[in-house]
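Asks: Sequence and predicted structure are below.
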Amino acid sequence: MSFLTNHLLTFLIFLPALGAIVVLAVRGRSAVRWTALATTAVTFVLSLLLLLTFDWKQPGAYSTAPGGVVQMVERASWIPTFNIEYFVGIDGLSFPLVVLSTFICLLACIASWNVQKMTKGYMALLLFLEMGILGTFLSLDFFLFYVFFELTLVPMYFLIGIWGGPRKEYAAIKFFLFTLVGSISLLIVVIGAYLYSREVFPATAGGAAGTFDLIKLASPEFQSAIGKLGAAAGWAKAAPVFFVLAMIGFLVKIPSVPLHTWLPDAHVEAPTPMSMILAAVLLKMGGYGLFRIAYPLFPEAGKQMWMLFATVGVVSIIYGALVAMAQTDFKRLVAYSSISHMGFVVLGAAVMTKTATHGALFMMVAHGITSAMMFFVVGVVYDRAHHRELSRLGGLASRMPVYTGLSSVAIFATLGLPGLCGFVGEVMTLLGTFEAARPDGILMKAGLATPSQVYPLAVIACLGLVLTAAYMLWTLQRVFFGPERGEHGQFAEVDQREQWVLWPLAVMAILLGVIPSALVFTFTGTTVDSLFKLWGGS
């Protein structure tokens, strides 16, 4: 048991890969399904075991307190020539996303139960995808992070390209090319940060100069030391460039306007379970990167460019909502709503206040629940109607009351009804944006922002809540109410398997809205405090 506890993160990362190998070895569609389900279930249980060892009172990863860094660290030399390590650990920033990922992958496996085409390959790719996701959230070596970040592209490319809709090849290639461009931008940052770190971390006996350690690269000691080197070392000029490149890499993944165009096509063509994972988890890898890499490694560049990226967040909020309102395809509407909601994450990072940061982190978890539920809601009606045209739907409430009730939870959580998960993240992000105009705000103290700059952005972002309520309520009316259509007369109520997916998501949407502190803020609090101090706050 102690061996499992000491290496729990490694087991967590690589158990899905082991399960994928077993899936490829077993025979029979039933054995493949149950093996995949057992693997995702055990992985979810292992993520819950973290609760037994995770000390939420510990300072976060970027704290300078003795011993108050990352928890459950596992570290081993990997490529010693360049000081690349297998370095994994967990803190309040990654913990909620790890549990979210294992939870969604388990539900996606249940949602995939009826996949008939090449079931073995499908389940194996799903498990390899889960490995890449967990590795991304737990890696603290920049190079290792990049490897896992890239690994997620390959299984998702095939899962869309083979099991997707009529335009699956186009959607898969577009998804791959867009994210590859973002990945190349991030690769430049990986290499550049390492090369500059060699100026601060000289070679030790038997070792190489430089480091890929994300904690060291974000530490005040490194920032101070590299700053003293000045323009002679090129850091003063390179850091803003690296920050922009990192932001491009992560904004593509989020995705934000104008780097968003791959998302609607990928969602529309992807099978329903992959849309769940794509929206609930893969997009969060971009948001996670903002708080793990972009802003911690380049805090001064983040302050200088706050207006640019806050505007990107606000534009994404409004644009995504307006375009969602104009959609006639149910699934495409949900896809554009994801662009709008993830805009709050970008805005929360850009204004650099505690409240906004808490709101952005909570928004990632809340959107993970609501987006997965909304895409499965679309999948349920598509399995029966074989189309997603909103103009051809209507009156489902009289035929499918359980489905209507669960769908209503998803819709009201998405539009931010108080008491459900969507409300907390949006409101905290907006409150934190207004707080950026206070005299003690980081940007105000640095003389980089004025109330006349902050308030218009915050007010415009508030309009996003109104637009979201408008298109989600309109969708609820069009799909579930009104006169029942004759073609819907044979539609069956949600079956037991579908309810196994919808009920857990509905329960989490309610619990996150009612007790957000116990489920998220308890874990993220100290990490946000340490991150805030790293940015120069008090």
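Replies: Right, received. Where do you want to start?

Asks: use CA for all of it now, contacts and neighbours both
Replies: Will do.

Asks: which stretch of helix or strand covers the residue sitting nearest the centre point of the chain?
Replies: Nearest to the mean C-alpha position of the chain, by Cα atoms, centre = their mean, lies Lys284 at 0.8 Å. Using DSSP states H and E, Lys284 maps to helix 283-289.

Asks: and the longest strand for the protein?
Replies: strand 71-79 (DSSP state E).

Asks: sec struct for the residue nearest to Val26 when sequence neighbours are not counted, please.
Replies: Distances taken as Cα to Cα, 6 or more residues apart in numbering place Val32 nearest to Val26, at 6.4 Å, with adjacent residues excluded. Taking DSSP: H, G, I helix; E, B strand; the rest coil as the rule, one finds Val32 in the helix state.

Asks: hang on, isn't Val32 packed against Met123?
Replies: Yes: the pair Val32 / Met123 is scored as a contact, 7.4 Å apart, by Cα atoms under 8 Å.

Asks: Need the residues touching each of the two.
Replies: Counting by Cα atoms under 8 Å, 6 or more residues apart in numbering, the residues touching both Val32 and Met123 are Val23.

Asks: Please enumerate the helices of the stretch 251-400 of the chain.
Replies: 262-269, 272-277, 283-289, 295-297, 299-304, 306-325, 330-351, 354-385, 396-399 (DSSP state H, counting those that start in this stretch).

Asks: how distant is the fifth one from the center of its chain?
Replies: Taking the mean of its C-alpha atoms, helix 299-304 sits 23 Å from the chain's own mean (Cα atoms, centre = their mean, to the nearest Å).

Asks: Give me the buried stretch members for it, please.
Replies: For helix 299-304, the neighbour count (16 or more other Cα atoms under 10 Å) marks 299-303 as buried.

Asks: Point out where the stretch 151-300 of the chain drops to low pLDDT.
Replies: The model of the stretch 151-300 of the chain has pLDDT under 70 over residues 204-207, 227-233.

Asks: what's the answer for the stretch 351-500 of the chain, then?
Replies: Under the criterion pLDDT under 70, the flagged ranges of the stretch 351-500 of the chain are 486, 488-489.

Asks: Regarding Val459, what is its secondary structure?
Replies: helix.

Asks: Quick check: the gap between it and Phe434.
Replies: 9 Å (Cα to Cα, to the nearest Å).

Asks: So for these two, which sits in the more crowded spot?
Replies: Per other Cα atoms under 10 Å, whichever of Val459 and Phe434 has more neighbours is Phe434, with 21 against 14.

Asks: And the next helix or strand past the strand or helix carrying that one?
Replies: Following DSSP H and E, the helix or strand that holds Phe434 is helix 421-435. Moving toward the C-terminus from helix 421-435, the next helix or strand (DSSP H and E) is helix 442-445.

Asks: List of residues touching that following helix?
Replies: 303, 351-353, 436-439, 449-450, 535-537.

Asks: How far off centre is it?
Replies: On Cα atoms, centre = their mean, the centre of helix 442-445 falls 28 Å from the chain's centre.

Asks: what does stretch 392-407 give?
Replies: With Cα atoms, centre = their mean, you get 30 Å for stretch 392-407.

Asks: Which of the three states applies to the closest residue to Phe201 other than its chain neighbours?
Replies: When the adjacent residues along the chain are set aside, Phe201 lies closest to Gly210, with 5.0 Å between them (Cα to Cα, 6+ apart). Following three-state DSSP, the label given to Gly210 is coil.

Asks: try Gly464
Replies: Secondary structure of Gly464, per three-state DSSP, is helix.

Asks: and it, what is it in contact with?
Replies: Contacts of Gly464 by Cα under 8 Å, 6+ apart are 317-318, 321, 340.

Asks: Which one (most neighbours) among the residues you listed?
Replies: That'd be Ile317 among those, by other Cα under 10 Å, with 33 neighbours.

Asks: what's around the residue nearest to Phe82 when sequence neighbours are not counted, how many residues?
Replies: Of all residues not flanking Phe82 in the chain, Ala208 sits nearest, at 5.9 Å (Cα to Cα, 6+ apart). Using other Cα under 10 Å, Ala208 is surrounded by 16 other residues.

Asks: same thing with Gln499?
Replies: 16.

Asks: got it, and the one 3 residues further on?
Replies: Residues within reach of Leu502, counting by other Cα under 10 Å, total 24.
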